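S.K.: no FASTA, just this:
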Ligand code: FES
């Protein structure tokens, strides 16, 4: 099966088995092995990437589902201006994900921030797919709200 998709801004045509998980595709094609061998289906939540802007657990996404989609991994996201907004929010709130869940949780934060989600219940629910217990839910909510504000102000300054 041939699939066209975009990974970290690069358009790719991949020849794949349709059930191969996205985590393996990322590992083989861009050297992002972050999600490989994490939990083997135990739903640890440590492998989130953005698929068309929405967080998805890459080890659970079969190849056929990424046809025509735009995938962003933490590898490329961490070099963006948007990442700096999140880092600033981590600093201001005085809390950040631990090393183990940093990439996955940060990608989920980004989807919430870029969608402007401000409902605490929704923020907590989205982030609950990461099972690592390192963060307090109140801090998670504050990080999203703070980063939305930081981004809004940055865009106002730029315009
Ligand atoms: S590696 Fe654990 S949910 Fe994907």
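M.R.: Done, it's in. All figures in this text were calculated on a predicted structure; none of them were measured in a lab. Numbers count the residues shown, from 1 in each chain.

S.K.: which outside residues touch the lowest-mean-pLDDT helix or strand in the chain?
M.R.: Using mean pLDDT, DSSP states H and E, the weakest-scoring helix or strand in the chain turns out to be helix 22-30, at a mean of 88. By Cβ atoms under 8 Å, 6 or more residues apart in numbering, the residues outside helix 22-30 that reach it are 7-8, 12, 14, 16, 32-36, 47, 49, 51, 56, 58-59, 61-63, 65-66, 71, 73, 75. The way it works is simple: take the backbone N, C-alpha and C, and place the C-beta from them, glycine included.

S.K.: And the residues you listed, which of them are buried?
M.R.: 7-8, 14, 16, 32, 34-36, 47, 49, 51, 56, 58-59, 61, 63, 65-66, 71, 73, 75 (16 or more other Cβ atoms under 10 Å).

S.K.: Please spell out which residues along the least confident helix or strand of the chain are buried.
M.R.: Here helix 22-30 shows 22, 23, 24, 25, 26, 27, 30 as buried, counting by 16+ other Cβ under 10 Å.

S.K.: Nearest to residue 132 among those?
M.R.: residue 23 (17.1 Å; Cβ to Cβ).

S.K.: sorry, back to before: just checking, next helix/strand downstream of the least confident helix or strand of the chain?
M.R.: Next along the chain after helix 22-30, taking DSSP states H and E as the criterion, comes strand 48-51.

S.K.: got the residues of this protein near the ligand?
M.R.: 35, 38, 39, 43, 44, 45, 46, 47, 57, 59 (Cβ under 6 Å from any ligand atom).
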